[in-house]
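>>> need coordinates for the below:
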Amino acid sequence: MLNGVIMVKRLLEVRKVIKSKKPSFIRQDSYRYLKLGTAWRGRKGRHNKFRLHRRGHTNPTPSYGSPVKVRGFHACGKKEVMVHNVSDLDSVNKDDEVARIAGTVGLKKRMDIVNVAKTSNIRILNPGVVTLVAIKADLKKKKSDKKAQPTVKKDNVNKDENKDNKK
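Next comes the predicted model:
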């Protein structure tokens with residue numbers, strides 16, 4: 001286990017170095033035509049300079065990829081697991097995995113997921129600022145509701161009963 005952890009840490013460092021030297025691959029002529037977008041598309045043309053690797057035209061190659069054993073790992077060295085609801089947290093191993101809440105999850109369910117993850121010591125990568133603010137507001141509201149409950153004095157109750165009896 002210890003040897004595996006050391007190897008993962010070393011491979012994460014290697015990945016960091018590789019990614020720092022990797023150029024940003026953008027689609028050919030994307031700066032010229034906004035409708036194309038910047039996502040990389042491989043060239044297929046017969047005389048295309050990118051395809052022929054001419055003069056500084058860099059193409060994505062396997063050499064820019066990260067080591068296979070750390071693909072999909074977070075920078076902390078743990079595997080990322082996508083979470084869509086509270087029951088998905090049961091399958092997360094808190095020693096080896098971290099949770100990432102799906103973008104389609106709403107605020108109410110997100111708050112539930114974050115609260116359950118806190119109690120079970122599971123790390124959430126993207127709890128969201130709005131979620132944390134909402135949780136704090138919810139806690140304050142619960143505390144103020146407890147304080148706002150009126151205390152009924154016995155004397156007041158007896159006086160009210162006496163008034164009802166007289167009528």
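
>>> distance of residue 61 relative to residue 127?
Residue 61 sits 37 Å away from residue 127, going by C-beta to C-beta, to the nearest Å. Every C-beta, even on glycine, is put in place using the N, C-alpha and C of the backbone.

>>> neighbour count: these two, which is higher?
Taking other C-beta atoms under 10 Å, residue 61 and residue 127 do not tie; residue 127 has more neighbours (18 against 9).

>>> give the contact list for that one.
By C-beta atoms under 8 Å, 6 or more residues apart in numbering, the contact list for residue 127 reads 101, 110, 114.

>>> now do residue 112
Residue 112 neighbours (C-beta under 8 Å, 6+ apart): residue 86.

>>> element containing it?
helix 107-119 (DSSP states H and E).

>>> in space, what's closest to residue 67 - neighbours in sequence excluded?
Counting by C-beta to C-beta, 6 or more residues apart in numbering, residue 67 lies nearest to residue 11, which is 4.6 Å off, once chain neighbours are set aside.

>>> the one you found and residue 70 touch, don't they?
Yes - judged on C-beta atoms under 8 Å, residue 11 makes contact with residue 70 at a distance of 4.5 Å.

>>> and the strands in this protein, which stretches?
Assigned by DSSP state E, the strands in the chain fall at 79-83, 97-101.

>>> thanks a lot, see you next time.
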